[in-house]
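Engineer: what follows is a protein structure lacking sequence information:
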Ligand SMILES: Nc1ncnc2c1ncn2[C@@H]1O[C@H](COP(=O)(O)OP(=O)(O)OP(=O)(O)O)[C@@H](O)[C@H]1O
Ligand SMILES: [Mg+2]
């Protein structure tokens, strides 16, 4: 079942002068220097549990890299509860799952967002065999292809703890664990 969240802000775009946008810029700069991004990098945004900020952080850090001039793509690899298509306002009929199960080709799944330098691969329809798809050899092959075009690839993911959806983790060399970043408080 898909999460029913109302439209979320991409703070670095919608509220660029806010303190949270500033925090994401600092985070992006730290990641940039830590990884020395002079060749393409894929980063998996992950955490042990649900609701710890993976989706919020991955969309904002991707937008922040794009705004800084890096050719960026965000990949919604959370085939459990896909959310990125809602944040970036895309339909989700075709995406990562369809590519991995051979239903469509690379160019069918790349979508251009309204943010300059930022493309997206939505999750696609939720498949019954998500774990098998994510751990198939097509996942590292896709990342390799993406590295020919993009400076940075940000992958949103399902939680690691007890998750059968995170088998593809070995495909990404770099991890960002957002479990220590805290939670939003409403109101
Ligand atoms: N626009 C918003 N307003 C209020 N709370 C929000 C908003 N967007 C996200 N949240 C909350 O922020 C927290 C982090 O959400 P997020 O979806 O980024 O986490 P996640 O780690 O991706 O979750 P999941 O494991 O379910 O994929 C959650 O508690 C979520 O309910
Ligand atoms: Mg999420």
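Structural biologist: Alright, I've got the coordinates. All values reported here derive from a predicted model rather than from experimental measurement. Numbers count the residues shown, from 1 in each chain. Ligands and ions are numbered 1, 2, ... in the order given.
Engineer: let me know the helix or strand that the closest residue to ligand 2 within the chain is in.
Structural biologist: Nearest residue of the chain to ligand 2: residue 55, at 3.3 Å (CB to the ion). For the C-beta atoms, the positions are set from N, CA and C on the backbone; glycine is no exception. If you go by DSSP states H and E, residue 55 is part of helix 54-67.
Engineer: surely residue 97 touches residue 123?
Structural biologist: Yes. Using CB atoms under 8 Å, residue 97 is in contact with residue 123, at 6.2 Å.
Engineer: coming back round to it: what's the burial count for the closest residue to the residue of the chain closest to ligand 2 other than its chain neighbours?
Structural biologist: Nearest residue to residue 55 in three dimensions, chain neighbours excluded: residue 83, at 4.9 Å (CB to CB, 6 or more residues apart in numbering). Applying other CB atoms under 10 Å, we find 22 residues neighbouring residue 83.
Engineer: so what touches stretch 68-77?
Structural biologist: 28, 32, 37, 44, 58-59, 62-63, 65-66, 82-85, 88, 95-96, 110, 117-123, 134, 146, 149-158, 168 (CB atoms under 8 Å, 6 or more residues apart in numbering).
Engineer: so residue 41 makes contact with residue 150?
Structural biologist: No. Between residue 41 and residue 150 there is no contact, the gap being 9.3 Å when judged by CB under 8 Å.
Engineer: show me which of those two is the more surrounded one.
Structural biologist: Counted by other CB under 10 Å, residue 41 and residue 150 do not tie: residue 150 has more neighbours, with 24 against 21.
Engineer: next up, the contacts around the more buried one.
Structural biologist: Here residue 150 is in contact with 40, 71-73, 119 (CB under 8 Å, 6+ apart).
Engineer: of those residues, which count as buried by neighbour count?
Structural biologist: 40, 71-73, 119 (16 or more other CB atoms under 10 Å).
Engineer: residue 69 should be in a helix, yeah?
Structural biologist: No. Counting by DSSP: H, G, I helix; E, B strand; the rest coil, residue 69 is not part of a helix but coil.
Engineer: what number of residues lie near it?
Structural biologist: Neighbour tally, residue 69, other CB under 10 Å: 10.
Engineer: can you tell me how far it is from residue 37?
Structural biologist: 11 Å (CB to CB, to the nearest Å).
Engineer: quick one: the helices in the protein, in order.
Structural biologist: For the chain, applying DSSP state H gives helices covering 11-14, 19-35, 54-67, 84-87, 96-100, 106-109, 130-134, 138-147.
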